[in-house]
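> dropping a prediction and its sequence here:
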Amino acid sequence: MFGSVARNEPWPRGMPIRSDLDLLVITTDPVEAGVVDELLDATLPLFLECGRQIGPQFRTREQLARRDERTVTFAENVERDGVVVYPSAG
């Protein structure tokens with residue numbers, strides 16, 4: 001988990017929704033766009049129940065290890081703010 005929830009940032013009182021819950025899911029192989037869409041759609045009942053949208057980001061270890069500016073910034077933010085919810089098997 002990363003982002004504002006992982007940093008335990010307060011959400012303003014009286015707001016009808018809460019900050020989204022950012023999750024990094026490390027996969028063995030890249031996840032196809034259609035599968036990502038299906039997984040995002042599957043989170044809708046959780047949003048309706050608790051008012052918090054789940055925002056998963058699917059990356060392989062190789063994608064996280066890339067050294068372009070965008071990937072490095074993302075990986076640094078996750079490493080700095082991240083909270084392990086479920087440890088990886090590898």
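Nice, thanks for sending it over.
> mind listing the helices for this protein?
33-42, 44-50, 61-65, 69-81 (DSSP state H).
> so who does the most centrally placed residue in the chain touch?
Ranked by distance to the mean C-alpha position of the chain (Cα atoms, centre = their mean), the top residue is residue 23 at 2.1 Å. Residues counted as contacts of residue 23 (Cβ atoms under 8 Å, 6 or more residues apart in numbering) are 1-2, 54-57, 85. Any C-beta I mention is one placed from the backbone N, CA and C, and that applies to glycine too.
> quick check on the residues you listed: which are buried?
Buried members of the contacts of residue 23, scored by 16 or more other Cβ atoms under 10 Å, are 1-2, 54-55, 57.
> which residues are in contact with stretch 40-49?
Contacts of stretch 40-49 (Cβ under 8 Å, 6+ apart): 52-54, 56.
> tabulate the residues you listed (CSV), appending distance to residue 72 and pLDDT.
What follows is the contacts of stretch 40-49, written out as CSV (distance: Cβ to Cβ, whole Å; pLDDT from 0 to 100):
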residue, distance to residue 72, pLDDT
52, 28, 79
53, 26, 84
54, 25, 86
56, 21, 90
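> reformat those as JSON lines; add distance to residue 34.
Converted to JSON lines, the contacts of stretch 40-49 look like this (distance: Cβ to Cβ, whole Å):
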{"residue": "52", "distance to residue 34": "25"}
{"residue": "53", "distance to residue 34": "20"}
{"residue": "54", "distance to residue 34": "18"}
{"residue": "56", "distance to residue 34": "15"}
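> and of those, the nearest to residue 78?
Residue 78 lies nearest to residue 56 out of the contacts of stretch 40-49, by Cβ to Cβ, at 12.5 Å.
> wait, that closest one sits on residue 25?
Yes: using Cβ atoms under 8 Å, residue 56 is in contact with residue 25, at 5.2 Å.
> against residue 45, how distant is residue 82?
26 Å (Cβ to Cβ, to the nearest Å).
> cool, residue 36 as well?
Residue 36 is 17 Å from residue 45, by Cβ to Cβ.
> who's more crowded, the two?
Comparing residue 36 with residue 45 by other Cβ atoms under 10 Å, the one with more neighbours is residue 36, at 15 against 9.
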